[in-house]
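Engineer: Make a model of this:
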Amino acid sequence: GNVFALKAVAEGHTVTVIDNMNSYYDRSLKEARRARLPDGVTFVEGDITDRALLLRLCEAQQFDAIGHFAAQAGVRYSLEHPEVYVESNYVGTFTILDVARLCGIKKIVMASTSSVYGDDTPTPFVETAPASHPVSIYAATKRGVEILAATYAHLYGMEITALRFFTVYGPWGRPDMALFSFTQKMLAGEQIPVYNNGKMRRDFTYVDDIVDGFYRTMTTSVPGYTIMN
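Structural biologist: Model (predicted):
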């Protein structure tokens, strides 16, 4: 989200960032990211489930569009704390959609995930796959908000695009991601844990490519509801 804010400001836009700065990983990394934000970015420490806060922000400034990156991430963590995912991912996205409806914001681009495809979707993944059997709480909440967003687009004439990310990596990324974990362990001379005997394949996407695609979607008319890998 912060990398996108840098891109948007560089392109001449005014940006407001909302982040609850939660303790899922070290807050100092989040503060360091925050310190990089330039003039033209207003940073609000708050939660997307806070309906009153979102309404106040809409009243203070007329937004043209919403870029929705906020979510509780991580698949394994969702097995231990499912309630956090339902609250942040589902209730949070509902709050954003409904406040956008009330404030007349028609354009929303939201980050979804390739995890929605689950284990029974043939590869290569295509957006027309039903994605009806996600295998984690995280993926289930993400698939749920995709369906919710489709309903809002239909009922209220909103232009909503869900971008299914494929494991974003790069500078300033999350320390719980595999590439950071692998690098850290290599530098420390430690063993790297390998699951399923190494029999796996996964697509990774560099952060600048994600930001470029997200920005293009935000600044291009994509009528109705659309899902894109």
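
Engineer: now the residue nearest the centre of the chain: how far from E83?
Structural biologist: In the chain, the residue lying closest to the centroid (C-alpha atoms, centre = their mean) is F69, at 3.1 Å. Per C-beta to C-beta, to the nearest Å, F69 is found 21 Å from E83. Every C-beta, even on glycine, is put in place using the N, C-alpha and C of the backbone.

Engineer: residue ranges of the strands in the protein, please?
Structural biologist: 15-19, 41-45, 65-68, 107-113, 159-165, 168-169, 205-206, 225-228 (DSSP state E).

Engineer: Could you pull out the buried residues of the second one?
Structural biologist: Okay, so that is strand 41-45. 41, 43 (16 or more other C-beta atoms under 10 Å).

Engineer: got the angle between it and strand 15-19?
Structural biologist: 20 degrees (axes from the mean of the first three to the mean of the last three C-alpha atoms, to 10 degrees).

Engineer: Listing partners with orientation, what would you give for strand 41-45?
Structural biologist: strand 15-19 (parallel) (DSSP bridges).

Engineer: Skipping its backbone neighbours, what lies nearest Q61 in space?
Structural biologist: T16 (6.8 Å; C-beta to C-beta, 6 or more residues apart in numbering).

Engineer: so that neighbour bridges to which residues?
Structural biologist: T42.

Engineer: picking up where we left off before, can you say which of the strands of the chain is nearest to V75?
Structural biologist: strand 107-113 (9.4 Å; C-beta to C-beta).

Engineer: how far off strand 159-165 does that closest one point, in degrees?
Structural biologist: 20 degrees.

Engineer: from what I can see D208 touches G170, true?
Structural biologist: Yes: counting by C-beta atoms under 8 Å, D208 touches G170, with 6.7 Å between them.

Engineer: Look at the two and report which has more neighbours.
Structural biologist: Using other C-beta atoms under 10 Å, the more surrounded residue of D208 and G170 is G170, with 16 against 13.

Engineer: list the contacts for the nearest residue to that one once chain neighbours are set aside?
Structural biologist: Spatially, and ignoring its direct neighbours in sequence, G170 is nearest to V207 (3.4 Å; C-beta to C-beta, 6+ apart). Taking C-beta atoms under 8 Å, 6 or more residues apart in numbering, we find V207 in contact with 3, 168-173.

Engineer: Now distance to A65 too, for the residues you listed, in CSV please.
Structural biologist: Formatted as CSV, the contacts of V207 follow (distance: C-beta to C-beta, whole Å):
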residue, distance to A65
V3, 17
V168, 21
Y169, 26
G170, 24
P171, 25
W172, 23
G173, 24
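
Engineer: List buried residues within those.
Structural biologist: Buried, going by 16+ other C-beta under 10 Å: 3, 168, 170, out of these.

Engineer: for this structure, what's the longest helix?
Structural biologist: helix 137-156 (DSSP state H).

Engineer: Now do it against strand 107-113, angle only.
Structural biologist: Using the same axes, to 10 degrees: helix 137-156 against strand 107-113 is 160 degrees.

Engineer: per-residue pLDDT, G12?
Structural biologist: With respect to pLDDT, G12 scores 95.

Engineer: List the contacts of the closest residue to R143 other than its chain neighbours.
Structural biologist: Here the nearest residue to R143 in space, its sequence neighbours aside, is V116; by C-beta to C-beta, 6+ apart that works out to 4.3 Å. V116 makes contact with 131, 134, 139, 142-143, 146, 164, according to C-beta under 8 Å, 6+ apart.
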